[in-house]
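Chemist: could you look at this predicted model? Sequence included:
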Amino acid sequence: MQTIDVLLVLLPMYQSGRTPDYNPKEPMGLMYLAASLRTAGFSVEILDADVLALTIDETLSRITKCGAKVIGFSVLQRALPSVKLLVEGLRKNGITAHICCGGITATMSAEHILQRIPGIDSIVLGEGDLSFRDLVAKVIGNSDWHNLLGVAFRNSSVVTNGPSPKPDLDSLAHASRDLLTFCLLKTNYATILASRGCYGVCTFCSNCSFERISTGPNWRPRNPVDVVDEIEQLRRECGVTVFKFNDANLFGPGRDGRRHVVTLCDEILRRNLNDLHLMGFCRSNDVDDEIANLMRRAGFERLLVGIESFDPSTLRIFRKGESQATILQMIRVLHKAEIGLIPGFMIFNPYTAISSLIRDLDFLERFGFMPTLSKALRVFDGTPIQALLSSEGRLIWRSPLEGYHEYLIDPRLAAIYMALKTVSVEWIDLVKKTYQDELWGIKKAPTFNQRKSFDTLSRLVFDIELQTLRALIDWTEHGYSLGDIRSLVAKLKQRLWAVETFILTESNLSEPRLNVGSFSETEMASRIHSILQTKVFRTFPEQYRWRDD
């Protein structure tokens, strides 16, 4: 069997091999690790089992056949059940390779993961470009690695070594592009990083807590000239003109953080790269007329902005450092500059009230925003909001291997959420699951601004959730009958049928694979009625899976 030094694995979210329901983009973290290891002379392969929609058994088979001396798992919390199954399967099959985990979830929940999955040898804490490279060198050289900074492992108890320094981003090799061709076929864009981290201190943000694990500033930029060098190389060699910046925040703090984006845009314009189509993340307080106009000239078509809520008290608890005025100014600025705005939004959170739901829905409708409404804020290990909820006596701790932590909430709000969630999971998500490949085909476009068909589809889906939530709020305040619920469900079914019809038309499918018309209105109305009547729920549960994959 031919062996390699290191196999880097992104695990499947869906263990049955379901097509992933988020952007099938390049795994930037693993790509940087691969580049660092290859520069040091190690042989490396990347296996993105999630984007390839592999089952657990298929993933296990591929890992086993590689014969790697070190296996590195990039761990997202939702994939932790897959981690456990794969590690146990590998050890059962006699694989003795060193198994290491890394990433935000592995870092923040390291002790629990090591206790629950004994087959894992080590966890790299924080950014692993340097510490994982050093670990690999020690393991392959049969040297003791237990004293390395930024590493946790199990002895008689869990041992966590001191923090490792964050790497100088300009000293790192460009990310290895092993999956570029595959991902371009799926999405038509490449991902790129111009910085790491974020200067924000949002209480719910696991990325903010993760950045504090390693020593160094929370936000660090790359040299903008080198970033544009990488863009130009991919443009020249691979024909890529559409890029999504995967930075947690394009902007850093203060004048230097702003200058970073200015220099990046100026460099693009100086080289006359006028065929680029760009998207990135920022905060609402980062943009003004001058910077927005410059970004648009450089090719930025859309910005993803974490608004989260339009409720002033919630913004203060989240420590957003932003106000309603800041948010409204940002919307005006981006609209004037003709840059599309995609808002991050958490309408259900620990501090949701009927009044905040109404305020947030009015805000979303006013500006035509279409976030998913049937998701609640997730509480991750190590975040300030976890400590805050614990101090309030509202936190319900869950093992990260089984689900997200929950928090106590008004039973009336929990009933609203669960009724909406039932419609979303039992009806909307079933349509998405059935037509996931077609959905990616609809979303794929030559530029971000040309996703017109996908935007239309998103509006159809959003309107189903919006109509449901508006009705649930009204019933909670003013009362309802079973007949009201049945009438709503009938309308929702018609709207969902329109969604399926749109997918069939856009994808040139001759007949439906699901047939929304067969969905039971009676059963759904009964489910909603029971939830609203009994009010047995006390939390906003966000499970890894609501039904079989």
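Modeler: Perfect, thanks for sending it. Residues are numbered from 1 along each chain as shown.

Chemist: can we go C-alpha only for contacts and neighbour counts from here?
Modeler: Noted.

Chemist: any idea what the nearest residue to Arg319 once chain neighbours are set aside is structurally, helix, strand or coil?
Modeler: Spatial nearest neighbour of Arg319, chain neighbours left out: Cys202 (5.1 Å); criterion: Cα to Cα, 6 or more residues apart in numbering. When classified by DSSP: H, G, I helix; E, B strand; the rest coil, Cys202 comes out as coil.

Chemist: please name the residues that touch Cys202.
Modeler: By Cα atoms under 8 Å, 6 or more residues apart in numbering, the residues touching Cys202 are 208, 318-320.

Chemist: which among those count as buried?
Modeler: 208, 318, 320 (16 or more other Cα atoms under 10 Å).

Chemist: and the pLDDT at the first one?
Modeler: Put plainly, it is Cys208. At Cys208, the model reports a pLDDT of 88.

Chemist: next SSE downstream of the longest strand anywhere in the chain?
Modeler: Longest among the strand segments of the chain by residue count, using DSSP state E, is strand 300-308. Using DSSP states H and E, the helix or strand that follows strand 300-308 in sequence is helix 312-317.

Chemist: after that next one, next one along is what?
Modeler: That would be, after helix 312-317 and using DSSP H and E, helix 324-337.

Chemist: after that next one, which helix or strand is next?
Modeler: Proceeding N to C from helix 324-337, the next assigned helix or strand is strand 340-345, under DSSP H and E.

Chemist: quick one: Gly197 from Thr326, how far?
Modeler: Noted for Gly197: a distance of 22 Å to Thr326, by Cα to Cα, to the nearest Å.

Chemist: please apply the same query to Gly102.
Modeler: 36 Å.

Chemist: who has more neighbours, those two?
Modeler: More crowded of Gly102 and Thr326, by other Cα atoms under 10 Å: Gly102, with 25 against 15.

Chemist: and that one, its phi and psi?
Modeler: Backbone torsions of Gly102, given as degrees, to the nearest 10, read phi -150, psi 170.

Chemist: my read: it touches Gly72, true?
Modeler: Yes - if you go by Cα atoms under 8 Å, Gly102 and Gly72 touch, sitting 7.4 Å apart.

Chemist: what do the two both touch?
Modeler: Contacts common to Gly102 and Gly72, judged by Cα under 8 Å, 6+ apart, are absent.

Chemist: show me where this structure dips below the pLDDT cut-off.
Modeler: 1-2, 545-549 (pLDDT under 70).

Chemist: before we move on, which element is Ala68 in?
Modeler: Using DSSP H and E, Ala68 sits within no helix or strand.

Chemist: ok, the residue lying closest to it once chain neighbours are set aside - contacts?
Modeler: Closest residue to Ala68 in three dimensions, ignoring its sequence neighbours and counting by Cα to Cα, 6+ apart: Ile4, at 4.8 Å. The contact partners of Ile4, by Cα under 8 Å, 6+ apart, come to 43-45, 66-69.

Chemist: what about Ile4, is that helix, strand or coil?
Modeler: Applying three-state DSSP: Ile4 is coil.

Chemist: surely Gly252 meets Arg196?
Modeler: No - counting by Cα under 8 Å, Gly252 does not reach Arg196; the two are 9.4 Å apart.

Chemist: any shared contact partners between the two?
Modeler: 219-221.

Chemist: quick one: Ile503 and Trp440 touch, right?
Modeler: No - the criterion here is Cα under 8 Å, and Ile503 misses it with Trp440 at 10.8 Å.

Chemist: neighbour count winner among these two?
Modeler: Per other Cα under 10 Å, whichever of Ile503 and Trp440 has more neighbours is Ile503, with 23 against 19.

Chemist: what separation do you get for that one and Leu184?
Modeler: From Ile503 to Leu184 the distance is 22 Å (Cα to Cα).

Chemist: CA atoms only: put stretch 99-112 into CSV for me.
Modeler: C-alpha atoms of stretch 99-112 as CSV (Å, rounded to 0.1, in the frame of the first residue of the first chain):
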residue,chain,number,x,y,z
ILE,A,99,-5.2,11.2,14.7
CYS,A,100,-5.3,15.0,15.4
CYS,A,101,-8.3,17.3,15.4
GLY,A,102,-8.4,21.0,14.9
GLY,A,103,-10.6,24.0,14.2
ILE,A,104,-12.9,26.2,16.3
THR,A,105,-15.0,23.4,17.8
ALA,A,106,-12.1,21.1,18.5
THR,A,107,-10.3,24.0,20.2
MET,A,108,-13.2,25.3,22.3
SER,A,109,-14.5,21.8,23.3
ALA,A,110,-11.1,20.1,23.4
GLU,A,111,-11.4,18.6,26.9
HIS,A,112,-14.8,17.1,26.3
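
Chemist: thinking again about what came up before, drop anything exposed from the contacts of Ile4.
Modeler: Buried members of the contacts of Ile4, counted by 16+ other Cα under 10 Å: 44-45, 66-69.

Chemist: next, format these as a markdown table and append distance to Leu130.
Modeler: Shown next, in a markdown table, are the buried ones among the contacts of Ile4 (distance: Cα to Cα, whole Å):
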| residue | distance to Leu130 |
| --- | --- |
| Val44 | 15 |
| Glu45 | 18 |
| Cys66 | 24 |
| Gly67 | 23 |
| Ala68 | 20 |
| Lys69 | 18 |
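
Chemist: ok now stretch 276-291, how far from the chain's centre?
Modeler: From the chain centre to the centre of stretch 276-291 is a distance of 19 Å (Cα atoms, centre = their mean, to the nearest Å).

Chemist: neighbouring contacts of that stretch?
Modeler: With contact meaning Cα under 8 Å, 6+ apart, stretch 276-291 is reached by 241-251, 258, 262, 298-307, 322, 326-327, 330, 333-334, 337, 447-448.

Chemist: again, only this time at 7 Å
Modeler: Residues outside stretch 276-291 that contact it (Cα atoms under 7 Å, 6 or more residues apart in numbering) are 241-251, 299-306, 322, 326-327, 330, 333, 447-448.
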